[in-house]
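Sharing a sequence plus its predicted fold:
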Amino acid sequence: MSLSSANVVTAKQLRDGLGSVFILGLTADSPARTIAQQAVGATSSYLRGKDAFASAYQALLALPGSNTGGQLCLNSAQGVPTRAGSIVAAWQKAKADRTTLFDNMGATGPSILVVQINGIDETALWQEDASGHPRIVTGAPGASLAFFETTPGPSTDKKPDPANGTFLTLQGQAVSLKRRGNTSRSDRKINVCVLLDGDSASGFPKQLNMLNCIRNPAYERVRLSWFLMGLARCPTETCAYAELTLNGQYYGTYVVMPSPDEYYFQTFFPATQQCAIFKGQYGDIPGGATLECRGPNGTDYFTPTAAHTARTYEPRLHTTDDQDRKSVV
């Protein structure tokens, strides 16, 4: 449903239509900003998530002329926006002004992303699970993650600034990351994958892949390759620069990108109804993932009896074998 053409909406329709709203992009002290900020509290600069939208929805319902049989009324019978409708319109504009987190452009100009994590057992990061994959390490009590955007500068201890605010904060066991990469597993500047959010409707990716770029001192190879592919009108991965601090140690600049999951398809291919994503590696097919065309069916790319993590083309979404059989790689 398009919010622009709707007269009444449910809380779910409001959330689905907006995804996330950059609160600091709203006029200071305006009703639109006040309601959004009260719904999320002081921990985030984005109106996002089921609970926050439920709170905002109730606040909008309480506005005069905005409640029609328990549903939110955006326009009157004469087609004039209600008070709630005017606020939702302001939220839509703030969302349109802030469509991606990965362009290194903040509210006032060029910016850099910052990931600061504390309370992680770094020894465990170098361990592997029973399948030989890097172990997923969760935070101990007192662990914290701060993900924000700020003005670039030489300081290694950056703080959220008033114009850009904070994307996300996590505490305790909600903090989760793992070492990533194959040839880079032993790099002193660790490659990591950081879990952000499991909420597919929040407008945020589920995780950040952080590339250390130590084999590319100019930090341009990955970004340039995606840029050139984009000019050729090929599907490309979005990416940006970020700085990582882990347990108080500054690890420097990374190139970060979202994992190729539902967020990627919803952001760049919004008309996609069904998709399957596979990671190429060594596994059940002799010779590994050569990326050559093996056939039109998903079954041409995996052995159904093989465990997902043991397959040459490992499924990266929670798709069933039956869904994968119908997918063209």
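Arrived safely, thanks for sending. Numbers count the residues shown, from 1 in each chain.

Can you pull the poorly scored residue ranges out of the stretch 101-250 of the chain?
182-185, 198-203 (pLDDT under 70).

can you give me the strands for it?
For the stretch 101-250 of the chain, the strands defined by DSSP state E, counting those that start in this stretch occupy 112-118, 136-138, 144-150, 166-171, 176-179, 192-195, 207-211, 240-246, 249-258.

following the helix or strand harbouring Phe53, which helix or strand comes up?
Assessed by DSSP states H and E, Phe53 sits inside helix 50-61. Sequence order places strand 67-68 as the next helix or strand after helix 50-61, per DSSP H and E.

Give the partner strands of the helix or strand following that following strand in its sheet and their orientations.
Per DSSP H and E, the first helix or strand lying C-terminal to strand 67-68 is strand 71-73. Here strand 71-73 is paired, per DSSP bridges, with strand 8-9 (antiparallel), strand 67-68 (antiparallel).

Give me the contacts around strand 71-73.
Residues outside strand 71-73 that contact it (Cβ atoms under 8 Å, 6 or more residues apart in numbering) are 7-11, 14, 57, 60-61, 65-67, 82, 84-85, 88. C-betas here are computed from N, CA, C, even on glycine.

pLDDT of that strand, averaged?
The pLDDT scores in strand 71-73 average 91.

Show me the helices in the stretch 151-300 of the chain, by range?
Under the criterion DSSP state H, counting those that start in this stretch, the stretch 151-300 of the chain carries helices at the ranges 221-231, 262-268.

thinking again about what came up before, buried ones in the helix holding Phe53, by neighbour count?
For helix 50-61, the neighbour count (16 or more other Cβ atoms under 10 Å) marks Ala52, Phe53, Ser55, Ala56, Tyr57, Ala59, Leu60, Leu61 as buried.

Ok, stretch 25-32 next?
The neighbour-count check on stretch 25-32 (16+ other Cβ under 10 Å) flags Gly25, Leu26, Pro31, Ala32 as buried.

thinking again about what came up before, which of the contacts of strand 71-73 are buried?
Buried members of the contacts of strand 71-73, scored by 16+ other Cβ under 10 Å, are 8-9, 11, 14, 57, 60-61, 66-67, 82, 84-85, 88.
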